[in-house]
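> Any chance you can model this:
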Amino acid sequence: MIKRTLAMATNLFPVWVSAAAVIALIRPELMTWFHGPLISIGLGIIMLGMGLTLSTEDFKRVLMMPAAVLTGVALQYTVMPFLGWSLGYLFKLSAPLAAGLVLVACCPGGTASNVVAYLAKGRVALSVTMTACSTIIAVIMTPYLTAWLVGNRIPVNAAALLLSTVQVVILPIVLGIAMNKFSPKVTQAILPGAPLVAVLVIALIVGSIIGSGKKMILESGMSLLLAIFFLHLGGFTLGYALSFFFCRDRNTSRTVSIEVGMQNSGLGVVLAKAHFANPAVAIPAAISALTHCLIGSAAAAFWRLRPLENETH
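Got it, this is the predicted structure:
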């Protein structure tokens, strides 16, 4: 009963994130207390929770489905960065907002994608494997892609970004995997509540950044919101179309679509806060977290009503 309740609460993650965003716009002070080191600690908790769900066996799956995994990860680090860079210019965003859009576009897939893949009746094992792979590769890809794409508009210290990525992503995941292997009883006790904790921490991060950046968000008008919306919509659409072109499997394409379209926006917030002087750089990542949750939920509902034959989870 408790596990079912926790699962139901976790599946409502778009509601929690939306509520946090609305509260932040109406009463910013209720959300902005969650700031500074708390955001980095929060992301570390999310990554630890992801690590608890993984084992060395999960990484062996890469050998079983190499084409799908390689396709998904390749699209993650080509489609999204290209869209982020292009939309920043298309919507004439200011340099800090454009940098923030590119930064979140260069982040790995988010853990929320695994939940959405499950709801959409996609290949959950594939989703988890792609998230793990893109997250590990993010140590190199996120800082250096960001520096390459926005370095001419705003200073970027790629080495510092790399160090932060290791600290807030890789170390907690490695700790989680170690706990899963060496303390399975502790892991099993924590695991049922970990996804809900992750969702609530994401909501707090979103609320904090939107609350602190309320004035800039309102001043930016629709251009920023549209740029972020089309970033994720483009990720879902191109992720599906291109993966189907390469893999010719609709269920795999659903999963890749979700993985490409949903970013680790929390990582984007932490990196923006730590390495960019202008607070506006963190705003696109916060709005991104809300946007991809809503699009992902809509996609999951659509696909859930259209089951495929011979589904594999």
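> which element follows the helix or strand of the chain with the lowest mean pLDDT toward the C-terminus?
None of the helices or strands of the chain scores lower by mean pLDDT, DSSP states H and E than helix 56-64, at a mean of 68. Following helix 56-64 in sequence order, the next helix or strand is helix 66-76 (DSSP states H and E).
> quick one: pLDDT of the spatially closest residue to Asn114 that is not a sequence neighbour?
Nearest non-adjacent residue to Asn114, counting by Cβ to Cβ, 6 or more residues apart in numbering: Ser127, 5.0 Å away. Where you see a C-beta, it was placed from the backbone N, CA and C, and this is true even at glycine. Ser127 is assigned 84 on the pLDDT scale.
> Report the contact partners of Ser127.
Applying Cβ atoms under 8 Å, 6 or more residues apart in numbering to Ser127 gives the contacts Ser113, Asn114, Ala117, Tyr118, Thr255, Ile258, Glu259.
> separation between it and Leu93?
30 Å (Cβ to Cβ, to the nearest Å).
> repeat for Val260
22 Å.
> Which one of those two is surrounded by more residues?
Legend: neighbour count by other Cβ atoms under 10 Å for Val260 and Leu93, higher for Val260 (33 against 22).
> Surely that one and Leu233 touch.
No. Here Val260 does not reach Leu233: they are 11.3 Å apart, not a contact under Cβ atoms under 8 Å.
> Which element, helix or strand, includes the residue nearest to Asn114?
helix 124-150.
> That helix to helix 66-76, inter-axis angle?
Here helix 124-150 points in a direction 30 degrees away from that of helix 66-76 (axes from the mean of the first three to the mean of the last three Cα atoms, to 10 degrees).
> which residues touch Cys106?
Contacts of Cys106 by Cβ under 8 Å, 6+ apart are Tyr77, Met80, Pro81, Gly84, Met141, Thr142, Leu145, Thr146, Leu149.
> give me the number of residues near the closest residue to it other than its chain neighbours?
Sequence neighbours aside, Leu145 is the residue nearest to Cys106 in space, at 4.3 Å (criterion: Cβ to Cβ, 6+ apart). Leu145: 23 surrounding residues under other Cβ under 10 Å.
> ok, now which ones touch Leu145?
With Cβ under 8 Å, 6+ apart, Leu145 has these contacts: Tyr77, Pro81, Cys106.
> Present the residues you listed as a markdown table; the columns should include distance to Ser223.
Below are these laid out as a markdown table (distance: Cβ to Cβ, whole Å):
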| residue | distance to Ser223 |
| --- | --- |
| Tyr77 | 25 |
| Pro81 | 20 |
| Cys106 | 20 |
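> so can I have CSV of these showing pLDDT and distance to Ile39?
As requested, these are exported to CSV (pLDDT from 0 to 100; distance: Cβ to Cβ, whole Å):
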residue, pLDDT, distance to Ile39
Tyr77, 95, 24
Pro81, 96, 23
Cys106, 94, 19
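> Of these, which is the nearest to Phe244?
Tyr77 (19.0 Å; Cβ to Cβ).
> Closest to Gly176 out of the contacts of Ser127?
Distances from Gly176 to those, taken by Cβ to Cβ, are shortest for Asn114, at 13.9 Å.
> Could you give the average pLDDT over the one helix or strand that closest one maps to?
Using DSSP H and E, the element containing Asn114 is helix 112-119. Taken as a whole, helix 112-119 carries a mean pLDDT of 76.
> show me what contacts Met50?
Thr111, Thr131, Ala132, Thr135, Ile173, Gly176, Ala198.
> If any of the residues you listed are buried, put those into a ChimeraX selection.
Remark: buried members of the contacts of Met50, expressed as a ChimeraX selection using 16 or more other Cβ atoms under 10 Å:
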select :111,131,132,135,173,176,198
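> Distance to Thr10 for the contacts of Met50 - can I get that in JSON lines?
Converted to JSON lines, these look like this (distance: Cβ to Cβ, whole Å):
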{"residue": "Thr111", "distance to Thr10": "11"}
{"residue": "Thr131", "distance to Thr10": "16"}
{"residue": "Ala132", "distance to Thr10": "19"}
{"residue": "Thr135", "distance to Thr10": "20"}
{"residue": "Ile173", "distance to Thr10": "19"}
{"residue": "Gly176", "distance to Thr10": "17"}
{"residue": "Ala198", "distance to Thr10": "8"}
